[in-house]
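Student: Sequence below, structure please.
(one chain, ligands or ions: 1)
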Amino acid sequence: MDAASPTEAGREQRFLHAELETMPREKIAALQLRRLRDTLENAYAHVPPVRRRLDEAGVRPSDVRRLEDVALLPFTKKTDLRDNFPFGLFARPVAQLARLHASSGTTGKPTVVGYTRQDLDQWADLMARSLFAAGARPGDIVHNAYGYGLFTGGLGAHYGAERLGAVVVPVSGGGTERQVDLLQDFGARVLCSTPSYALAIAEAAEQQGVDLRRSRLRIGLFGAEPWSAAMRREIEARIGLKAVDVYGLSEIMGPGVACECECQDGLHGWEDHFLFEVIDPDTGVPVPEGQAGELVITTLTKQALPMLRYRTRDITRLTTERCACGRTHARILRITGRNDDMLIIRGVNVYPSQIEAVLVGRAMLAPHYQLVVTREGILDEVAIEVEAQPGVPADDYAHLGRDLAHHVKVHVGISTRVSVLEPGRVARSQGKAVRVRDLRPKES
Ligand code: DLL
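Tutor: Numbers count the residues shown, from 1 in each chain. Model (predicted):
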C-alpha cells in the first residue's frame, strides 16, 4: 500500500481527536461546567419530572457555579425511567427524535431511551474515538457480533466503526459457526462482541479445526458485561488478539461512554461528554478518588435524554492519574460487577467476577461456568457449575471440583459446592452471559 494513503497515515496517528483527548484537566473541568449548566437548563426547561425534582430539592440551574455543585442535584435511578415510561424523561418531542432503543428489564416494562440526530452523531463520534483508542484504524474490517436491534451494542459499534472509516461486517450475535467462516473469509482485524461471546466463537473455531490465532484478528472490543483479568488472558491466548474493555449503558448513550486504550490500563471515560462520580452506594456521598463505589454519570451534551447523576449500579474506581498513552481523560477501572449482582454469602460480599477470576485459566477446567444461588434457612449458598476441558477423564471431576472449592475459599473467602460438568453442558451466550441462576424464593 502507498505509504501516503490515509490508512497508513492513520496508523501513525495516536489520537482520533488529539485536542479533545489530551486537553489539560483544568480545561476539561471548565468545559464540563459550561456543559453541565447547559444540560441543567435543557432538562429544567423541557422535562417536567426533572423540574419538579429540582424544585423539591430547592436547586435552580444557576445554583451550579462550580463542578462540585453537581452534588446538589438529586440522583436519577432506573426506576425514574420506568415511572415515566415510555417518553416522560425526554427533553424533546418524540417526533423530533431520530431513534429509540430499549433494554429489557428482568421485570416489567423495558427502559426506553431516545436520541436526536445530533445525539446519534455524537455517539458515533465517541464510539469511533473508542475504537481508535483501542487500536482500530480507518480501512480496518470490523466484525461486529454485538446484537443488532433494541440493544445499543450492535448499532452503537456499527455507526462508530463507519464514522472511523472502517469497513463494518454487521453480523450480529448467533450463528457461531458462520461467524468463524466470515472472520476467516473477510479477514477482519477487529472483533466487537461480549467477552463471553468471543469465547464461544473461539470454541466454535477450535471445534472446526480453525486456529484463529493465525487469522488477521488483532483487536477485540469487548464489553456489555463484567469480565475478569483472567478472562482477558484466556481470550487473548485463544484468539491471538489484544482484548480491550469497552463500557457503556443505554440510559447514558450505549457503548463508547468509556474505553480502554492500547495500554489496557482502565477505561478512559470521555469527560468532554460525561461527568463521572463514584459514590458510596449506601450513603450517596462521593468517595475519594481511587476508592471503590457506585459509578454515577451525568450527561453533558445529550439533547433528547439528558441524565442528571444517573446511578449506574456498577461498582468501580476512578483515577485521574495520567495514562501512558497521553490521554488526559479520567479512567474507570474494571467494573467488578453490578450492585444487583452482589451476593452476600455468610456475611461476605461477593461478585460473580471474583469467582470467575479464580476459575478461568485453571488447568483442566474450561472457562464456561454458572453460579447457582439458593437459600438454606436464612443463609444464601452458592454452587459453581463449571465444565471440564475436553479430554479430561470423568474420574478426575470430583478432585477438580474439590480443588476449585479450596481456591475459591482461599481467594474469595466463601465456601461453595462445585460440580464439574462434561464439556458443552453450560449454556453458551450469544450476547450477555447469564452467570447466575438465582433459585432463592422471590421476595414479595
Ligand atoms: O451493554 C452497552 C454496551 C454495548 C456496552 C456493547 C459495551 C459494549 P446495557 O444493555 O444498557 O448497555 O447494559 C449496561 O452493562 O450498566 C454494566 O452493568 C454492564 N456493562 C457494560 N459494559 C461493561 C463492561 C450496554 N465493560 C450495563 N464491564 C452496565 C462490565 C459492563 N460491565
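Student: and the end-to-end length of stretch 326-341?
Tutor: 34 Å (Cα to Cα, to the nearest Å).
Student: Use 23 as the first number from now on
Tutor: Okay, using 23 as the starting number, the last item reads as stretch 348-363.
Student: now check it, is it near the ligand?
Tutor: Yes - Stretch 348-363 lies within reach of the ligand by Cβ under 6 Å from any ligand atom, at 357, 360. All C-beta spots, glycine's among them, are computed from the backbone N, C-alpha and C.
Student: Could you list the buried residues of that stretch?
Tutor: By neighbour count with 16 or more other Cβ atoms under 10 Å, stretch 348-363 contains the buried residues 349-360, 363.
Student: Turn those residues into CSV, columns for secondary structure.
Tutor: Output for the buried residues of stretch 348-363, formatted as CSV (DSSP: H, G, I helix; E, B strand; the rest coil):
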residue, secondary structure
349, coil
350, coil
351, coil
352, coil
353, strand
354, strand
355, coil
356, coil
357, coil
358, coil
359, strand
360, strand
363, helix
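Student: And the furthest pair within the residues you listed?
Tutor: Farthest apart among the buried residues of stretch 348-363 by Cβ to Cβ are 350 and 363. That separation is 31.8 Å.
Student: that older thread, just curious, which of the buried residues of stretch 348-363 is nearest to the ligand?
Tutor: residue 357 (3.6 Å; Cβ to the nearest ligand atom).
Student: My guess is the closest one contacts residue 340. True?
Tutor: No - contact criterion Cβ atoms under 8 Å: residue 357 and residue 340 do not qualify, at 11.5 Å.
Student: Which pLDDT does the model give residue 26?
Tutor: pLDDT for residue 26: 43.
Student: What residues of the longest helix belonging to the chain count as buried?
Tutor: Assignment by DSSP state H gives helix 47-68 as the longest helix of the chain. Within helix 47-68, the residues that qualify as buried are 50, 53-55, 57-59, 61-62, 64-66, 68, counting by 16+ other Cβ under 10 Å.
Student: and what of stretch 418-431?
Tutor: By neighbour count on 16+ other Cβ under 10 Å, the buried set for stretch 418-431 is 419, 422, 423, 425, 426, 427, 430.
Student: And stretch 201-214, by the same measure?
Tutor: Applying 16+ other Cβ under 10 Å to stretch 201-214 flags 201, 202, 204, 205, 206, 210, 211, 212, 213, 214 as buried.
Student: One more: stretch 384-398?
Tutor: For stretch 384-398, the neighbour count (16+ other Cβ under 10 Å) marks 384, 386, 387, 388, 389, 390, 391, 392, 393, 394, 395 as buried.
Student: What of stretch 91-109?
Tutor: Buried residues in stretch 91-109, counting neighbours by 16+ other Cβ under 10 Å, are found at 92, 95, 98, 100, 102, 103, 104, 106, 108, 109.
Student: centroid residue for the chain?
Tutor: residue 269 (3.1 Å; Cα atoms, centre = their mean).
Student: and stretch 229-245, how far apart are its ends?
Tutor: End-to-end distance (Cα to Cα), stretch 229-245: 25 Å.
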